[in-house]
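Asks: Provided below are the primary sequence and the corresponding predicted coordinates.
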Amino acid sequence: MTLMVPSTTPAATTLISPGRQALDSALFQLDQAADRLHLDDGVRTMLATPRRSLTVAVPVRREDGRMDVVQGFRVQHNTTRGPAKGGIRFHPSTDIHEVTALAMWMTWKCALVGIPYGGAKGGVSVDPASLTTRELERVTRRYVNEILPIIGPDKDIPAPDVGTDEQTMAWIMDTYSVSAGYSVPGVVTGKPAALGGSLGRSGATSRGVLIATLKALPGSPEGRTVAVQGFGKVGAPAARRLADAGCRVVAVSDATGAVVDRSGLDIDDLRAWVKETGGVYGYRHADALSHDDLLELDVDVLVPAALEGVITAENAPRIGARLIVEGANGPTTPEADRILADAGTTVIPDILANAGGVIVSYLEWMQNLQACSWSAAEVDAKLRELMENAFDAVTAMSAERGVSLRQAAHLIGVGRVAEAHRLRGLHP
Ligand code: NAD
């Protein structure tokens, strides 16, 4: 049975939203895995269908007294292996399709790295840069009030994603705790350390990206050239860590622009510039580059760490990197996957490459439930162990079944969730 075949022509893709394209990609990947796992139609449909999808209105009082209403979403794709888990995104183009795709990828990711969660995602269709801090706090608290009945430390545990951060998580924890009548740190992860956040959580996704890159690179990282798309919570520390490991980070981009210096960027200086000006645009010690050109640079490693659907059938033939490590979720479309595979380009898929974030979120949640705190070294050792185990399992599956690393990662993730469904049986 085919659940959804992604559009293949440019004319068709312009008619559907980026979120719908992301969901089509996620369903296509599920369909491929289900075929190889010989899942029956009932199980496929179960895995393709979110357990709960909530759309809410989020009214927000602006500083000038006006009231705006934005949409918010929370999708719990699967809860068979444990509570739902996944980030909250604040972005103007977020829609229910995108949030559903991201929730589905979370389900496979948690199963792949062997942590006892299902998958979820949340989103609010708002540009955080257009709001004052007080407006942002009001949006966050009102959104949390609207989704309050379905979240909780045993039900669904949010975390940061695009456009949200530690402060957002602190507001979520406070809103939930005020409603409960007592402090509930385990309702969110990615909190500030002062509120029960784990040491190592803020750099966990980039740490995982580094571990995956070093395992995938043939030979030493010394002098390998890297381009990073996105200079936020994942991309900026990933660039720093890759440079520390000996790589030469030659180009980075963010929403404001892209910059290149073939002799290697000074990442700390660039971060200071971004902090001062709000973006990489105009950075004096590098040349400007177009967003598209950054993706096509002739480098050893490309790390997409921004949004979905940026490597497509259109630009895949021109991608210069031999290794792509997906810091972002869903950056590569299925058509692009095929073109890259034919060209011999290795893609470390999102559900493996960026799993460091949810792994340390899991460690944070465990610490919160046990009311204890672990050292940075303990957290890092556990993160490394889970990442390396998952990486080895994916490469072994890829070799055994003769499939791409993405297909292998899905075979493991989808297979574990299907097995959990089989063992639990169907109620009633
Ligand atoms: P973020 O909001 O901190 O950063 C996003 C970055 O992307 C910003 O620098 C932004 O300017 C940039 N960007 C936006 N549009 C762009 C464009 N067209 N071209 C280039 N850059 C652009 O978000 P984040 O938390 O770093 O998340 C980035 C990606 O990583 C997302 O796909 C997210 O789902 C994924 N991810 C994040 C985490 C986490 O722990 N934060 C974990 C796993 C996966």
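Replies: Happy to help now that I have it. Numbering: from 1, shown residues only.
Asks: is any part of the lengthiest strand in the chain close to the ligand?
Replies: Scanning the chain for the strand with the most residues, using DSSP state E, yields strand 67-78. No - figure legend: strand 67-78 not in contact with the ligand (CB under 6 Å from any ligand atom); closest approach 13.9 Å. All C-beta atoms are positioned from the backbone trio N, CA, C, and that covers glycine.
Asks: partner strands of that strand, parallel or antiparallel?
Replies: strand 52-61 (antiparallel), strand 119-124 (antiparallel) (DSSP bridges).
Asks: burial measure for residue 363, as a count.
Replies: Using other CB atoms under 10 Å, residue 363 has 24 neighbouring residues.
Asks: next one: it from residue 422, what distance?
Replies: Distance of residue 363 to residue 422, computed by CB to CB, to the nearest Å: 29 Å.
Asks: just to revisit the earlier point, and the next helix or strand past the longest strand of the chain?
Replies: strand 84-90 (DSSP states H and E).
Asks: and that next one, what does it pack onto?
Replies: Contact here means 3 or more CB pairs under 8 Å, 6 or more residues apart in numbering; DSSP states H and E; on that basis strand 84-90 packs against strand 67-78, helix 96-113, strand 119-124, helix 133-147, strand 156-160, helix 166-180, helix 356-370.
Asks: please identify the deepest-packed of those.
Replies: Using mean count of other CB atoms under 10 Å, the stretch among the helices and strands packed on strand 84-90 with the greatest mean number of neighbours is strand 119-124 (a mean of 30).
Asks: between strand 84-90 and it, find me the angle.
Replies: 20 degrees (axes from the mean of the first three to the mean of the last three CA atoms, to 10 degrees).
Asks: tell me the mean pLDDT for strand 119-124?
Replies: Average pLDDT, strand 119-124: 98.
Asks: most proximal residue of the stretch 101-250 of the chain with respect to the ligand?
Replies: residue 232 (1.8 Å; CB to the nearest ligand atom).
Asks: ok, now which ones touch that residue?
Replies: Residues counted as contacts of residue 232 (CB atoms under 8 Å, 6 or more residues apart in numbering) are 162, 254, 305-306.
Asks: residues near residue 425, how many?
Replies: Other residues near residue 425 come to 7 when the count uses other CB under 10 Å.
Asks: now do residue 27 against residue 269, distance only.
Replies: Distance, residue 27 to residue 269, using CB to CB: 43 Å.
Asks: the residue lying closest to residue 56 once chain neighbours are set aside and residue 175, how far apart?
Replies: For residue 56, ignoring the flanking residues on the chain, the nearest one in space by CB to CB, 6 or more residues apart in numbering is residue 146 at 3.7 Å. From residue 146 across to residue 175, the span is 11 Å (CB to CB).
Asks: got it, and residue 263?
Replies: From residue 263 to residue 175 the distance is 48 Å (CB to CB).
Asks: pLDDT on the longest strand of the chain, on average?
Replies: The pLDDT scores in strand 67-78 average 98.
Asks: quick one: the strands in the chain, in order.
Replies: Along the chain, the segments classed as strands by DSSP E run 52-61, 67-78, 84-90, 119-124, 156-160, 225-229, 248-254, 257-260, 287-289, 301-304, 323-325, 346-348.
Asks: which elements pack onto the fifth one?
Replies: Where contact means 3+ CB pairs under 8 Å, 6+ apart, strand 156-160 is packed against strand 84-90, strand 119-124, helix 166-180, helix 356-370.
Asks: report the buried residues of stretch 30-49.
Replies: 30-34, 36, 39, 43-44, 46-48 (16 or more other CB atoms under 10 Å).
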